[in-house]
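Model the structure of this input:
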Amino acid sequence: MLSFPVKLEELKRVQIRLKRGPSYEELSFALLELSMLLEGGLSLLKALEVLALQTSDTTLREALLKVKESIEKGQSIHRAFSQGGIFPEFFLEMLKTAERGENLSQVLRISGDYMQKVSDARARVLTALAYPLFVIFASLLAVLLVVRLVVPKIVGVLQSLGKELPLITKALLLFSEILSYLLYLLPVFLLLYAFRNRLVGKETWDRYWLKLPIVGRVSLCYNLSRLAGTLLMAISSGIPITRAISLSLGSLTNAYLRSSLLGVEQEVSKGRSISSSLRERRVLPETFLNLLSMGEKSGELEKSLKMLQEMYERQAERAVGFWLRFAEPVAMLVVGALVALVVLSVVLPLSEISTGVGR
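Now for the predicted structure:
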């Protein structure tokens, strides 16, 4: 009798974990709305209450009310938002610079703008990749069905005639076996990906992610653009330089870059330049450091930061656009190769059968 309610409790926990969280677009809207309410003169507690009442997403509403409750209990802003359980890590890091409520609206606006850009980029990528991925998946499924349903009958006829299978048919059968094993192992791969940060560590994972040929370069460019853009916005808003550096470093989504650049604000507070402190870490490209150094020496730091933000954002978007345009013809080539493989693997055995029957 006692085991029954325990089972129900475990099932409830599983259901909560599987519950879908708000998208970046929804979080972006919430943070920008919260920033506007704060700038309009409302207190943080009242703004959270107003925003929770007008949102239609249940998960987001519960998270905002939980944040409000945590602040009322005396917890810091950073810890209160972390209690919500839906906000990304980089946003929580940025909140550490607004523990006393200073510049909180700027932090919310910066984070909301960034999430909106990420959401738009993801939408463009998914829209461009939807058709090629669907075509490739449908082609692989068709190959699997042909090999499972058609080819075995042809193989049986050939074996009854004492004929040997053509090499291309053997290759198709081998490909089908490998594909079947991969489908069986798909849940294992999904579990490994879901718990990748526990198995390897987020910093190690993000370090190797930056070394990947295409996505690594795009990720680095987006992080550099975000670093420059956040620092520019913070300085333009009148935030002290050390706090602005902490804010910009906290906006980085790559854990390896963020951990490698720790302590830069302390060095700058002692009189060192930003570029020289960053250069010592040996993780940022020379182009970024040289342009930043030129801005510091010429007294036009904000101009250099704006240039860096736009330059790396264009580089990332150009790389993404190129590979998205490249994806469709690659998908067509893959489909053509699969169709040719299926046709030849079926036609050649049929010709063998007709030859055997003729004799």
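
and Gly238, which of the three is it?
coil (DSSP: H, G, I helix; E, B strand; the rest coil).

So what's the residue count around Glu25?
Each residue near Glu25 was counted by other Cβ atoms under 10 Å, and the total is 15. To be clear about C-beta, it is placed using only N, CA and C from the backbone, and glycine gets the same treatment.

Identify the residue nearest it in space, chain neighbours excluded?
Distance criterion Cβ to Cβ, 6 or more residues apart in numbering; nearest residue to Glu25, sequence neighbours excluded, is Ser119 at 4.2 Å.

Thought Leu31 was touching the one you found, still the case?
No: with contact defined as Cβ atoms under 8 Å, Ser119 does not reach Leu31; the gap is 11.9 Å.

Those two: who's more crowded?
Each of Ser119 and Leu31 has its neighbours counted (other Cβ under 10 Å); Leu31 has more, 23 against 17.

Specify the local secondary structure of the more buried one.
Counting by three-state DSSP, the backbone at Leu31 sits in helix.

Touching, it and Leu108? I think so.
Yes: assessed by Cβ under 8 Å, Leu31 is found in contact with Leu108 at 4.7 Å.

Need the overlap of contacts for those two.
Residues touching both Leu31 and Leu108 (Cβ atoms under 8 Å, 6 or more residues apart in numbering): there are none.

Is there a neighbour count for Ala340? I'd like the number.
11.

What of Arg124?
Neighbour count for Arg124, taken as other Cβ under 10 Å: 14.

ok, now the one 10 residues further on?
Phe134: 11 surrounding residues under other Cβ under 10 Å.

Quick check: which element contains it?
Assessed by DSSP states H and E, Phe134 sits inside helix 104-149.

Tell me which other helices or strands that helix touches.
Applying 3 or more Cβ pairs under 8 Å, 6 or more residues apart in numbering; DSSP states H and E, we find helix 104-149 packed against helix 24-39, helix 89-95, helix 167-194, helix 215-236, helix 301-358.

Rebuild those helices as TSV, extending it with distance to Gln83 and mean pLDDT.
Output for the helices and strands packed on helix 104-149, formatted as TSV (distance: least, Cβ to Cβ, whole Å; pLDDT from 0 to 100):
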stretch	distance to Gln83	mean pLDDT
helix 24-39	16	89
helix 89-95	10	76
helix 167-194	23	77
helix 215-236	24	86
helix 301-358	32	79
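
got CSV for these, with distance to Ser293 too?
Formatted as CSV, the helices and strands packed on helix 104-149 follow (distance: least, Cβ to Cβ, whole Å):
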stretch, distance to Ser293
helix 24-39, 33
helix 89-95, 25
helix 167-194, 40
helix 215-236, 13
helix 301-358, 9
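
Leu51 reaches Ala63, doesn't it?
No: with contact defined as Cβ under 8 Å, Leu51 does not reach Ala63; the gap is 10.6 Å.

Report the set of residues contacting both of the two.
Where contact means Cβ under 8 Å, 6+ apart, no residue is in contact with each of Leu51 and Ala63.

Following element in sequence after the helix or strand Ser246 falls within, please.
Following DSSP H and E, the helix or strand that holds Ser246 is helix 241-250. Scanning forward in sequence from helix 241-250 by DSSP H and E, the next helix or strand is helix 255-260.

Show me the contact partners of that next one.
Contact partners of helix 255-260, identified using Cβ under 8 Å, 6+ apart, comprise 89-90, 93, 202-207, 210, 223, 249-250, 252, 281, 283.

tell me what the helix or strand following it is packed against?
Next helix or strand after helix 255-260 toward the C-terminus (DSSP H and E): helix 264-269. Packing partners of helix 264-269 (3+ Cβ pairs under 8 Å, 6+ apart): helix 241-250, helix 274-281.

With just CA atoms, put the longest one into PDB.
So that's helix 241-250. Backbone C-alpha positions of helix 241-250 (Å, rounded to 0.1, in the frame of the first residue of the first chain) are rendered in PDB as follows:
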ATOM      1  CA  ILE A 241      33.600  50.400 -16.900                       C
ATOM      2  CA  THR A 242      34.300  47.500 -14.500                       C
ATOM      3  CA  ARG A 243      30.600  46.700 -14.100                       C
ATOM      4  CA  ALA A 244      30.200  47.100 -17.900                       C
ATOM      5  CA  ILE A 245      32.900  44.500 -18.500                       C
ATOM      6  CA  SER A 246      31.300  42.100 -16.000                       C
ATOM      7  CA  LEU A 247      28.000  42.600 -17.800                       C
ATOM      8  CA  SER A 248      29.500  41.900 -21.200                       C
ATOM      9  CA  LEU A 249      31.400  38.800 -20.100                       C
ATOM     10  CA  GLY A 250      28.300  37.500 -18.500                       C
END
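
Could you name the helices and strands sitting against that helix?
Helices and strands touching helix 241-250, by 3+ Cβ pairs under 8 Å, 6+ apart, are helix 89-95, helix 215-236, helix 264-269.

Make sure Val125 is actually in contact with Trp323.
No: using Cβ under 8 Å, Val125 is not in contact with Trp323, being 9.3 Å away.

In contact with the closest residue to Leu27 other than its chain neighbours: list those residues for me.
Take Leu27 and drop its neighbours on the chain: the residue closest to it by Cβ to Cβ, 6+ apart is Met115, 5.4 Å away. The contact partners of Met115, by Cβ under 8 Å, 6+ apart, come to Tyr24, Glu25, Leu27, Ser28, Leu31, Pro88, Phe91.
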